[in-house]
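Asker: Could you look at this predicted model? Sequence included:
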Number of protein chains: 2
Amino acid sequence: MQVVNLEEKLAQFSDRWSPKIVGEVNDAQVKLVKLEGEFVWHHHEREDEMFLVLKGRLRMRLRDHDLSIGPGEFVIVPRGVEHLPVADAETHVLLFEPRTTLNTGNVVNERTVAVLDEI
Amino acid sequence: MQVVNLEEKLAQFSDRWSPKIVGEVNDAQVKLVKLEGEFVWHHHEREDEMFLVLKGRLRMRLRDHDLSIGPGEFVIVPRGVEHLPVADAETHVLLFEPRTTLNTGNVVNERTVAVLDEI
């Protein structure tokens, strides 16, 4: 059991769109990710996903509207809902989702990270 | 689906040791709680608990040592591990735990909050 400092963990990587595992709680994982630019439209069949913004701003595009999430704010994208994360500038996000969650959900392409690093 | 601002939610209550539900992700709940003083020794039989400190400082007493958790830091207390949360001054914490988790774990006393408010 150890104390995890988010800033220290974030300082350990710089790649974008590649979530790192920083904790495990029951059947869920806590991940940190740095976002910049536009991801891919996807959804998760069976998993809700929580995005807590630590720095920057996350624009979560949905099929009928967009959400804007700033530092100290979170959004939970329910299973089945198509979404496209966009970050106009570097954005740091804490993710909370089941360990089964693939970053690109139902889509598998060059953005897919099948095996996540644990830091 | 909505954007949740942690500060706005925290401004809606002032009672201590009474977690409020602010989100649901799969079989887990996101809760906010204000701590001040000492809680009760307890453990959770089947649930890991995540404590992410937003403000103040949480001292997590364990049977053989203490952990000190400041803003931007978290600790995950695994199931079965006895712990006693202590906050010398007002401390705000985001909790991540299964919806089945009782705040006092295996102990039921006047500090137990059986039904949590959703805010």
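Answerer: Okay, I see it. Numbering: from 1, shown residues only, chains lettered A, B, ... in the order given.
Asker: Can you name the residues that contact A:E47?
Answerer: A:R79, A:E97, A:P98, A:T100, A:T101, B:N26 (C-beta atoms under 8 Å, 6 or more residues apart in numbering or on different chains). C-betas here are computed from N, CA, C, even on glycine.
Asker: A:F51 pairs with what?
Answerer: Bridge pairing for A:F51 (DSSP bridges) gives the partners A:V75, A:L95.
Asker: Report the contact partners of it.
Answerer: Neighbours of A:F51 in contact, by C-beta under 8 Å, 6+ apart: A:L58, A:M60, A:I69, A:F74, A:V75, A:I76, A:V77, A:P85, A:V93, A:L94, A:L95.
Asker: Can you show me the strands along chain A?
Answerer: Assigned by DSSP state E, the strands in chain A fall at A:4-5, A:20-25, A:28-38, A:49-55, A:58-62, A:66-69, A:73-77, A:83-98.
Asker: A:V81 versus A:H42, what's the distance?
Answerer: Distance of A:H42 to A:V81, given as C-beta to C-beta, to the nearest Å: 10 Å.
Asker: Mind checking which of those two has more residues around it?
Answerer: The neighbour comparison of A:H42 against A:V81 (other C-beta atoms under 10 Å in any protein chain shown) goes to A:H42, with 19 against 15.
Asker: Adding distance to B:K20 and mean pLDDT, write the strands of chain A out as CSV.
Answerer: Below are the strands of chain A laid out as CSV (distance: least, C-beta to C-beta, whole Å; pLDDT from 0 to 100):
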stretch, distance to B:K20, mean pLDDT
strand A:4-5, 24, 98
strand A:20-25, 19, 96
strand A:28-38, 20, 97
strand A:49-55, 16, 97
strand A:58-62, 24, 98
strand A:66-69, 20, 98
strand A:73-77, 14, 98
strand A:83-98, 17, 96
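Asker: I'd like these laid out as JSON lines, including distance to A:F13.
Answerer: What follows is these, written out as JSON lines (distance: least, C-beta to C-beta, whole Å):
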{"stretch": "strand A:4-5", "distance to A:F13": "14"}
{"stretch": "strand A:20-25", "distance to A:F13": "6"}
{"stretch": "strand A:28-38", "distance to A:F13": "7"}
{"stretch": "strand A:49-55", "distance to A:F13": "14"}
{"stretch": "strand A:58-62", "distance to A:F13": "18"}
{"stretch": "strand A:66-69", "distance to A:F13": "21"}
{"stretch": "strand A:73-77", "distance to A:F13": "21"}
{"stretch": "strand A:83-98", "distance to A:F13": "11"}
